[in-house]
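In: One predicted model, sequence on top.
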Amino acid sequence: MTSRRDLFKGAAVVGGAAAFAAGFSETAERMLETVVSPAHARGTTGNSQKPEFRVTAAGDLELDPDTRTAFTLCQGCTTLCGVRVRIDAKTDTVTRVTGNPYSPLSTDPHVPMGTPVRKALLSLTRHNEAGLAGRSTACGRGNAVLEQQTSPYRVTAPMKRVGPRNSGRWEPISFEQLIHEVVEGGDLFGEGHVKGLRELRSFDPIDPAAPELGPKVNKVALLASVADGRNPFVARFVQKAYGSINMTGHGSYCGGSYRAGSGAVFGDTKTMPHAKPDIPNAEFVIFMGTAPANAGNPFKRFGTLLAKARTDGAMKYVIVDPVLGHSDNEAARDRGRWVPIRPGTDAALAMAMIRWILDENRYDATFLAQPSLAAAKAAGEVAWSNATHLVIADPAHARFGRFLRGSDVGAAVAEADRGKDADPFVVIDPATDAPVVAGAAPATLFAEREIEVEGKPVKVATSLSLLAASARAHTIADYSAICGVPEDVVVGLAREFTSHGKKAAISSHGGTMAGNGFQSAFAIVMLNTLIGNLNRKGGTFATAGGFNPYAGPRYKLADFPGSVKPTGVPLSRNVPYEKTTEFKTKKAAGKAWPAEAPWFSTAGQLSTQWLPSALSGYPYGIDALILWSVNPVYGIPGVRPIAEKTLGDPKRIPLIVAVDPFINESSCFADYIVPDSTMYESWGFIEPWGGVPTKSMVMRWPVVEPKAAKTAEGHPISIETFLIALAKAMKLPGFGADAIVAADGSKHPLDRAEDWYLRAAANVAFTGKGPVPDATDDDVALAGVGRLMGAIEERLSKEEVRKVAFLATRGGRHQPLAEAWGPDGKAAWVFEKPLQVWNEGVGATRDSMTGKRLSGVPTWVPPTFADGTPVEEKYPTKDWPLRLVSQKSPLQNSYSIAARRLRGLHPDNPVGISPADAERLGLATGDKVRISSPTGSVEGVALVRHSVREGVVAVEHGFGHKELGARPHRIGDRLQPTDPGNAAGVALNDLGLIDPTGKHQTVFVDPIAGTAVRQAIPARLERA
Amino acid sequence: MDRSRRDFLRNIGRVTAGAPVALASGTVAAVAAGAPAPVHHWAMVVDVAKCIGCQACTVACIMENRVPENAFRTFVSTYEVAEGDVTRLAMLPRLCNHCDEPPCVPVCPVGATFKAPDGEVLVDGDACVGCGYCVQACPYDARFINAETRTADKCTFCAHRVEAGLLPACVETCVGGARIFGDLADPSSTVSKLLKERGGEAKVLKPEEKTRPNVFYLGLDERFAGRVDAVPTLWRPTEQRV
């Protein structure tokens, strides 16, 4: 017994190995008690759930009469997989979740749409062992988040704050009172008059002296989270009906820097296209700043593909990251490898690889030499780039940073077309060595020279020459010293990356969210361009998209008579500073730069800027804010002090409404909370964010009755119910009677959510290559769609009914995987615009603070504050020797902490430090530590990990909550429960930086992308 | 390296991955004399290199079997393996081994724990008195006393699902496809074929215990037997704290 006890003790100390030690402790405890035979342990399977169906001896499927199965969507993370839920029919409760076999995000390969539901379900069983190859999965979190349905922390009725903001006291109010007060305003809290939405909907200018800011209605803003399939409905209200320009999501504090850098390569920094590696067919993949088995998007699909590719497939891969998560597995032998990198230096490694590839002629010259789509096609390429296009490289020239155009070298171009799409690009003809208009023939890759433009010599260079110059700004040894990756490893990575033709890829994501994240992502994605792997099997592919639910063939949901086109400067200042009155005034006064605060002209809307804008009133403040199931206070590093001064102060933001099923760190500041539906209760249409090479559109529909309170008309309260009621109260266009116009001209009401989503479903069912088949009675019965049929029949035409039911029985519409790749390994869905080696939009932009030109090619810059000061200068390494980095586990996200079954498995986030740092600091696993950054400090518990690079402090996201059940709220006379477990661990974002160089208090962001900084935060650590 | 060495001994010592298993083809579970001839011989093959350590299996099992909080019928232990400059992650999915010679069975004073005809080691909850002898007898720490039922609890290979023609919950939801379940009595089953084709690399845990497990591991690194510096990491369930 002694040795056994020691064994348990030892195991218990170290955690993971002692998975079952819990069982032992329980035994020990039990042995001290008198054993009483329990009342409810019966038979051999204990409390196990009843199977949802069984396979008969004849190989048929037999449903359990007390159970429903339905296909819908998981919102356990932003991947948004199609899932299959098991519902206890008696209690109308979801009791289990697994994968939807029709969904490519859950099954590889997914079952073709035409397969009857009965056969699809059989493919998941032991019958003929079909379920082994056909398994359709939910991840750990996906299995557990059903707890949110019945969570004790859920808000199910509208409520209004009692006392000051964030006092944690609320009174339940009727839906009717909610709508009245939000629309009409009044002295709502005994603090003076609050303007309601009706009064705030003014189209008078915010500032007549600065008309570019737009109308006052822009001071009403809605912040959303992930695009969960309902955003077009919400945008219909906020932008098209109410008329504000300000609605955006969480992207700028998610993986925004990756998207921005990718957008620079793909030629659109507003919509930011991006591509993913074709893991099943690639021979070598570098994951740099993304961990395919930990997080990222699509997390689960990539986990499945990674496992297959490193075992049955041909892929080798490298994880480049300051921290190694689960993406490596030593049982995969030489297939995987971890290369630890210093935080915030991804761009240095990528630029080193670019330099080596250019120096050693390891790039795909045939691909890069094609100056047009026609030339690319003639050369057998499926994508093309502007590598050969000549750029005006003369700083004195008015169009410095812009492309040379045909009209510059004498091509006949109409005056009105000069500099536009019709004005062709110019390249060097390799035969004559003279500038010519880009045509269908290959062009010279490298050229730097003076040519005559309108009688004057002008310095020009090809895009690729400019990239080479940027890469050669440092030696490979210098880059190696910066990023801490040995020179031979840098070269080895570049050599391997260029040793597989187009069957190699590099992938990135949130690891780039540092103070130079734009450059990191720009450089990383550029590597794919150098080997010409886009649209190629084994290379990379852009998302194939979905089936449009809004501009479809049956109903015109995308627009409506009387809709507003919002105008003005967004709160994010993501428009050119040069077009503002401020710029013109300052320029006239002789000092155009800096602007009051940064402008991000190349970026999309940036939620990182909203609260700082509300605080500074620049470009203008916020009069009313709707927070829709979003948590910027928890999500944006460093924002808390700014949030307390804005969300916390009714003088700054006079009206805040949160639409959310939970009280989080942001909605706790609201004046009103409106219950939203949760995932299995709600509607939506969503396509994969990336990583699926075929068209796919998940249909989410309420597979159980929503738990929220109902309106007087009996509609369950949700974001849709709320916005419809607001619109009707204000008599806005686009809602209510006759608001939806069908393709045949008939008009239909928009009175409740179904009115919108079922017609959207009809569009999805009828679009594409033709309508989907009709659902059979058996499909309807097996997929639990019976409860939806009444709503479908009530609204849709006879020919639509069974086709919409078909979508519901499949949980959406998904193109077969077999259609992903055409002959010759070319993607079926092809991104055909030019990849940007030089991005003109970026390269012709000046930084609004420094007035300096941005680089149109990626370049190494260290993390830098808004005025151009490197972080190192303000917070030197000698004072701040460590760098904080953020990662995710596969289990916890920013809103899952209250799921007890996840917490039991992964209750907190000990702070990962390397053995070397642990030794230097005299720390061991389990020691309490204080982590400090220049703006704050938190206490955590150390976990010494070999998988953390020296100099790095690794903090997992999803812990350190102050809300979501960590703090009690009084609602009426009822005190909500709390659990200290909900507050466990630390939140890295509490240590995020305020930009110390700004005139106004604002969070530290990437200077170009405007995205949050949660990687490479300067820090120090001490024993607490 | 003293410190690491000590870590290793503490942490890994009990997860002995032994020599390759001698596979008796067509083995059948031990059954009591006079019982009907077994139809199946259920087994699991874990292709370790396919495991991504996501714990989907762990959570699916918890939800399917309503396992009480902070108890586990299955779990994926995650280790760091550091050798020189190279650090790697290692995953080890663990569950009841449904041994052909189950040490938990003979110690049960009331005969509640038994070897079922199709090979599962099960607990009859109606008979179990919750004494915990079986929990201590199990060399794999795969059993616990269920705080709600107050009886011995463990993986059943999801007998209730398998009987219904379905796969165990952990297998059905295994994101990496590492868990493969089937019938060793059927030579054409995937598990039979896998063990035939890759039997040389198949290992069982703690072969020296002579328990004859029915959970087999492919690709499990022999270095787990004791030459590496391995530190369990990342997953620290609530009950396993210092």
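Out: Good, I have the coordinates. Numbers count the residues shown, from 1 in each chain, chains lettered A, B, ... in the order given.

In: ok, B:Ala71 to B:Ala152 distance?
Out: Distance, B:Ala71 to B:Ala152, using CB to CB, to the nearest Å: 11 Å. To be clear about C-beta, it is placed using only N, CA and C from the backbone, and glycine gets the same treatment.

In: Secondary structure class of the nearest residue to A:Ala544 once chain neighbours are set aside, three-state.
Out: Distance criterion CB to CB, 6 or more residues apart in numbering or on different chains; nearest residue to A:Ala544, sequence neighbours excluded, is A:Trp829 at 4.0 Å. Classification of A:Trp829 using DSSP: H, G, I helix; E, B strand; the rest coil returns coil.

In: wait, A:Trp829 sits on A:Ser696?
Out: No. Using CB atoms under 8 Å, A:Trp829 makes no contact with A:Ser696, being 11.2 Å away.

In: Report the set of residues contacting both of the two.
Out: Common contacts of A:Trp829 and A:Ser696, defined by CB atoms under 8 Å, 6 or more residues apart in numbering or on different chains, comprise A:Ala544.

In: picking up where we left off before, report the set of residues contacting both of B:Ala71 and B:Ala152.
Out: B:Phe144, B:Asn146.

In: So for those two, which residue has more residues nearby?
Out: More neighbours surround B:Ala152 than the other of B:Ala71 and B:Ala152, with 30 against 21 (other CB atoms under 10 Å in any protein chain shown).

In: which residues does the more buried one bridge with?
Out: For B:Ala152, the beta-bridge partners under DSSP bridges are B:Ile145.

In: rewinding a little: name the residue in A:Trp829 and A:Ser696 with the higher neighbour count.
Out: A:Ser696 (25 against 17).

In: Need phi/psi at that one.
Out: Backbone torsions of A:Ser696, given as degrees, to the nearest 10, read phi -150, psi 140.

In: Find the nearest non-adjacent residue to it, please.
Out: Leaving aside its sequence neighbours, A:Ser696 is closest to A:His814 (4.5 Å, by CB to CB, 6+ apart).

In: got the contact list for that neighbour?
Out: Neighbours of A:His814 in contact, by CB under 8 Å, 6+ apart: A:Gly82, A:Tyr102, A:Ser103, A:Pro104, A:His110, A:Met113, A:Thr694, A:Lys695, A:Ser696, A:Met697.

In: Which ones among those map onto strands?
Out: Under the assignment DSSP state E, these contribute A:Gly82, A:Ser696, A:Met697 to strands.

In: Distance-wise, check the closest residue to the first one other than its chain neighbours relative to chain B.
Out: Just to be clear, that refers to A:Gly82. Excluding the flanking residues, the one nearest A:Gly82 by CB to CB, 6+ apart is A:Ser103, at 2.7 Å. Counting by CB to the nearest CB, to the nearest Å, the gap between A:Ser103 and chain B amounts to 14 Å.

In: Run a quick neighbour tally on A:Ser103.
Out: The tally of other residues near A:Ser103 (other CB under 10 Å) stands at 28.

In: For it, give its distance to A:Leu61.
Out: 19 Å.

In: ok, now A:Asp847?
Out: Distance from A:Asp847 to A:Leu61, by CB to CB: 63 Å.

In: same thing with A:Pro688?
Out: 29 Å.

In: Between the two, which is the more surrounded one?
Out: A:Pro688 (28 against 20).

In: need the contact list for that one.
Out: A:Thr79, A:Leu80, A:Pro104, A:Leu105, A:Pro298, A:Thr543, A:Gly546, A:Ser696.

In: want to throw these into JSON lines with pLDDT?
Out: Compiled in JSON lines, the contacts of A:Pro688 are given as follows (pLDDT from 0 to 100):
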{"residue": "A:Thr79", "pLDDT": "94"}
{"residue": "A:Leu80", "pLDDT": "95"}
{"residue": "A:Pro104", "pLDDT": "97"}
{"residue": "A:Leu105", "pLDDT": "97"}
{"residue": "A:Pro298", "pLDDT": "95"}
{"residue": "A:Thr543", "pLDDT": "88"}
{"residue": "A:Gly546", "pLDDT": "94"}
{"residue": "A:Ser696", "pLDDT": "96"}
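
In: Can you tell me which of those has the largest number of neighbours?
Out: In the contacts of A:Pro688, the most neighbours by other CB under 10 Å go to A:Leu105, 31 neighbours.

In: My read is that it contacts A:Thr79, right?
Out: Yes. If you go by CB under 8 Å, A:Leu105 and A:Thr79 touch, sitting 6.3 Å apart.

In: Quickly list what's touching both of the two.
Out: A:Pro298, A:Lys300, A:Arg301, A:Pro688.

In: What is the most widely separated pair among the residues you listed?
Out: A:Lys300 and A:Pro688 (11.3 Å; CB to CB).

In: Find residues that contact each of those two.
Out: Joint contacts of A:Lys300 and A:Pro688 (CB under 8 Å, 6+ apart) are A:Thr79, A:Leu105.

In: all helices of the stretch 651-800 of chain A, in order?
Out: A:719-729, A:753-766, A:777-782, A:786-795, A:798-810 (DSSP state H, counting those that start in this stretch).

In: how about the CA coordinates for the second one, as CSV?
Out: Spelled out, it's helix A:753-766. Taking Å, rounded to 0.1, in the frame of the first residue of the first chain, the C-alpha atoms of helix A:753-766 are listed here in CSV:
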residue,chain,number,x,y,z
ALA,A,753,-37.6,36.3,-36.8
GLU,A,754,-39.1,33.4,-38.8
ASP,A,755,-40.5,35.8,-41.3
TRP,A,756,-36.9,36.7,-42.2
TYR,A,757,-35.0,33.4,-41.8
LEU,A,758,-37.4,31.1,-43.5
ARG,A,759,-37.5,33.3,-46.5
ALA,A,760,-33.7,33.5,-46.4
ALA,A,761,-33.8,29.7,-46.3
ALA,A,762,-35.9,29.7,-49.5
ASN,A,763,-33.2,31.8,-51.2
VAL,A,764,-30.6,29.3,-50.1
ALA,A,765,-32.7,26.4,-51.3
PHE,A,766,-33.3,27.9,-54.7
